[in-house]
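Novice: dropping a prediction and its sequence here:
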Amino acid sequence: MTPLKTSAKASAALLGALTLALATGTSASASASADTAPRSPGGWQESGVSSVNSLTGSQGLASRADGSLLYRGLASIPLDLRIKGWSHVGDPDIAAGHTVDAYQGGDDAKSKMFAVTTPGGKRYLYEHQLDAGEKLNNSFAAVSPDKQWLVSGEWGDQNRLQVFPAPLLNSSTPPTGGALPQAGQITLDKPVRDIQGCDFVSGTRLVCASNDASKELWPEDRPVLQVDLEHALDGKPVTGKVSSLFAAPQRSLCRGTFETEGVDYDSERRTLRAEVVPPAPCLVTTSVYSYKPTTG
């Protein structure tokens, strides 16, 4: 959620608020009660909507090989990592059965961290010391289809996406955790703002969710964007062409500010999913919208 991209204190405060709302029985089921299934521009047709507990699912999601979904929320952070100062988890990804999570610390953080959990349950931590001019935010993890590269992003206005060797999966990284340097970044031909999550649709295309409601950069309110790469990632700089697909849905019986969160593309089932957190008090559940391609 937006405050969590910049403040560990906000993260703790929101976790407490969500816990209180759940404990007192606040209902957010109305967030999907008025849903319809409009046709979306950009080659995607909305095909359904579900909901997930925001404490454990509002920050992102990833599809497993069997079609089930892995979710991440504020309550998903293991205690040992929280004690180490990793107070925010972003939108995850799954590659070859390995779960890759993006972690960030507080406002004074000098590094960001990616945790890789193997199919056997072993977890390895890869820490990246911030480079000059790099923001501390670590909003998401997206592994390329060849499982060699990891894409992530910073908060605010950006003209790039960051690229790292995929921790553990790329043989250039330490096999049991360690330092993770940047590789060649993706330079975007148009600026983006407040990217919450991205996922690969193909080796040269990503879909990303933006929480930008200003309409200064894109005509849509909270657009879902497409990034087309000039070639597949190879560790060297590459240019990405950005276009807008559609606006993330904002449908709820609660009125106020919505927030986009993670996205996932299930390549086996050709299903795109995007998360939207409704306004309070409905924010205790997160809406998960599903889309199917309108063309072959």
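Specialist: Cool, the structure landed. Numbers count the residues shown, from 1 in each chain.

Novice: I figured residue 200 was touching residue 142, is that so?
Specialist: Yes - between residue 200 and residue 142 there is a contact under CB atoms under 8 Å: 5.9 Å. Heads up, the C-betas are built off the backbone N, CA and C, glycines and all.

Novice: which neighbours do those two have in common?
Specialist: Residues touching both residue 200 and residue 142 by CB atoms under 8 Å, 6 or more residues apart in numbering: 151, 206.

Novice: so which of these two has more stuff around it?
Specialist: residue 142 (29 against 24; other CB atoms under 10 Å).

Novice: for that one, which residues make a bridge with it?
Specialist: Using DSSP bridges, the bridge partners assigned to residue 142 are residue 151.

Novice: list the contacts of it.
Specialist: Per CB under 8 Å, 6+ apart, neighbours of residue 142: 91, 93, 150, 151, 152, 197, 198, 199, 200, 206.

Novice: could you rerun that using 6 Å?
Specialist: Counting by CB atoms under 6 Å, 6 or more residues apart in numbering, residue 142 touches 93, 151, 198, 199, 200.

Novice: so how many other residues sit close to the residue lying closest to residue 81 once chain neighbours are set aside?
Specialist: The spatially closest residue to residue 81, leaving aside those adjacent along the chain, is residue 103, at 6.6 Å (CB to CB, 6 or more residues apart in numbering). Close neighbours of residue 103, defined as other CB under 10 Å, add up to 24.

Novice: show me what whichever strand or helix holds residue 103 is packed against.
Specialist: Following DSSP states H and E, one finds residue 103 within strand 98-104. Here strand 98-104 touches strand 88-89, strand 111-117, going by 3 or more CB pairs under 6 Å, 6 or more residues apart in numbering; DSSP states H and E.

Novice: would you mind finding the most buried of the ones you listed?
Specialist: strand 88-89 (a mean of 28; mean count of other CB atoms under 10 Å).

Novice: just the helices in the protein please.
Specialist: According to DSSP state H, the chain carries its helices in the segments 8-23, 54-57, 79-83.

Novice: now distance to residue 291 and mean pLDDT too, for the helices and strands packed on strand 98-104, in a markdown table please.
Specialist: Conversion of the helices and strands packed on strand 98-104 to a markdown table gives the following (distance: least, CB to CB, whole Å; pLDDT from 0 to 100):
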| stretch | distance to residue 291 | mean pLDDT |
| --- | --- | --- |
| strand 88-89 | 24 | 98 |
| strand 111-117 | 27 | 98 |
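
Novice: distance to residue 253 added to those, as CSV?
Specialist: Putting those into CSV (distance: least, CB to CB, whole Å) gives the following:
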stretch, distance to residue 253
strand 88-89, 29
strand 111-117, 37
